[in-house]
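> Sequence first, then the predicted structure:
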Amino acid sequence: MIPSVPLIRRVPPGQSYFAAVEVQLPQVLTNPLNMSPGCTDGFISVNNLYATQALNYLQIQTTSADVNVSGVNSAASSSFSFQTITGNIYLQNANINSLSVNTISGNVNLVPVKSTSLDISTTSGNIQTTGSVALQYAGFTTTSGELMGDIAIGSRIKQLSTSGDVTLSIPLTGTISTAYALSFQTTSGVINSQFTGPIAGSIAVASTSGPVRVLGGSVSAIQSTNSQFRARLAGAHPPAT
């Protein structure tokens with residue numbers, strides 16, 4: 001068990017105080033490890049955890065503090081949850097079962113992250129993903145923040161934006177029989193997405209006034225202004241608009 005480390009020193013009015021706490025773990029733990037660090041500002045860093053350390057649950061809540069998680073191989077049933085207001089979130093070389101990220105104006109960087117399921121939500125913060133993988137589900141929600149980069153999808157992706165632009169490359173990693181479900185929705189943002197790989201399943205695009213361009217395999221869809229689009233991906237072309 002990791003002990004709670006309270007800050008006991010009394011800080012005089014008008015003065016600030018910085019405390020650094022470092023915890024080192026043995027390379028092998030017999031019981032699942034649950035961690036819930038938190039702070040207002042500064043930064044929180046979780047680095048170089050092995051699968052043998054059985055990190056099962058990691059929850060981080062901050063106001064303006066940045067969060068950096070790298071070199072983490074978690075337990076098979078692990079659940080990670082990060083929440084900030086203005087703090088940025090960086091995940092590098094992380095293997096996670098379930099990932100949930102929520103921030104207001106902080107940016108989110110996944111470089112790269114492998115996850116069974118991930119759900120990333122920002123208001124004005126940008127989302128950048130590079131070389132990441134979602135084996136089952138990836139969800140991205142932004143208001144005015146941008147979503148960019150690439151993420152490999154094993155089954156489903158759902159992207160929602162209000163005015164934020166989306167530029168995303170989506171390698172499909174399942175088999176030819178995988179029933180993919182790809183969903184893109186925006187109000188006034190621009191969506192430009194391209195997928196590659198075995199194609200089967202369905203695609204849904206909804207836009208109020210933003211232009212949408214989705215390309216992949218034998219499907220080439222361009223949809224914009226007050227319209228919705230649905231098509232089969234197995235060799236079908238979208239209906240004429």
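Received, thanks.

> Please parse this protein into its domains.
Domain segmentation of the chain under automatic domain parsing yields 34-106, 119-126+134-241.

> Lowest-scoring secondary structure element of this structure by mean pLDDT?
Ranked by mean pLDDT, DSSP states H and E, the helix or strand of the chain with the weakest confidence is strand 227-232, at a mean of 50.

> show me what contacts the most centrally placed residue in the chain?
Centroid check for the chain by CA atoms, centre = their mean gives Ile120 as the closest residue, at 4.0 Å. Ile120 makes contacts with 99, 101, 108, 110, 127, 139-141, as judged by CB atoms under 8 Å, 6 or more residues apart in numbering. Bear in mind the C-beta positions are built from the backbone N, C-alpha and C, glycine included.

> Report the buried members of those residues.
When the contacts of Ile120 are checked for burial by 16 or more other CB atoms under 10 Å, the buried set is 99, 101, 108, 110, 127, 139-141.

> could those residues be laid out in JSON lines, adding distance to Asn93?
Formatted as JSON lines, these follow (distance: CB to CB, whole Å):
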{"residue": "Leu99", "distance to Asn93": "14"}
{"residue": "Val101", "distance to Asn93": "16"}
{"residue": "Val108", "distance to Asn93": "16"}
{"residue": "Leu110", "distance to Asn93": "10"}
{"residue": "Ile127", "distance to Asn93": "18"}
{"residue": "Gly139", "distance to Asn93": "22"}
{"residue": "Phe140", "distance to Asn93": "21"}
{"residue": "Thr141", "distance to Asn93": "25"}
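
> Pull the most distant pair out of those.
Maximum pairwise distance among these (CB to CB): 14.7 Å, between Leu110 and Thr141.

> Can you tell me the closest non-neighbouring residue to Pro26?
With CB to CB, 6 or more residues apart in numbering as the criterion, Pro26 has its nearest non-adjacent residue at 7.6 Å, and that residue is Gln53.

> Kindly tell me how buried the one you found is, as a neighbour count.
Gln53: 19 surrounding residues under other CB atoms under 10 Å.

> For Asp66, see how far away the residue nearest to Leu25 when sequence neighbours are not counted is.
Closest residue in space to Leu25, ignoring its immediate chain neighbours: Gln53 at 5.7 Å, by CB to CB, 6+ apart. Going from Gln53 to Asp66 by CB to CB, to the nearest Å gives 23 Å.

> ok, now Val133?
Val133 sits 24 Å away from Asp66, going by CB to CB.

> okay, these two: which has more neighbours?
Higher neighbour count among Val133 and Asp66: Val133, with 21 against 18, using other CB under 10 Å.
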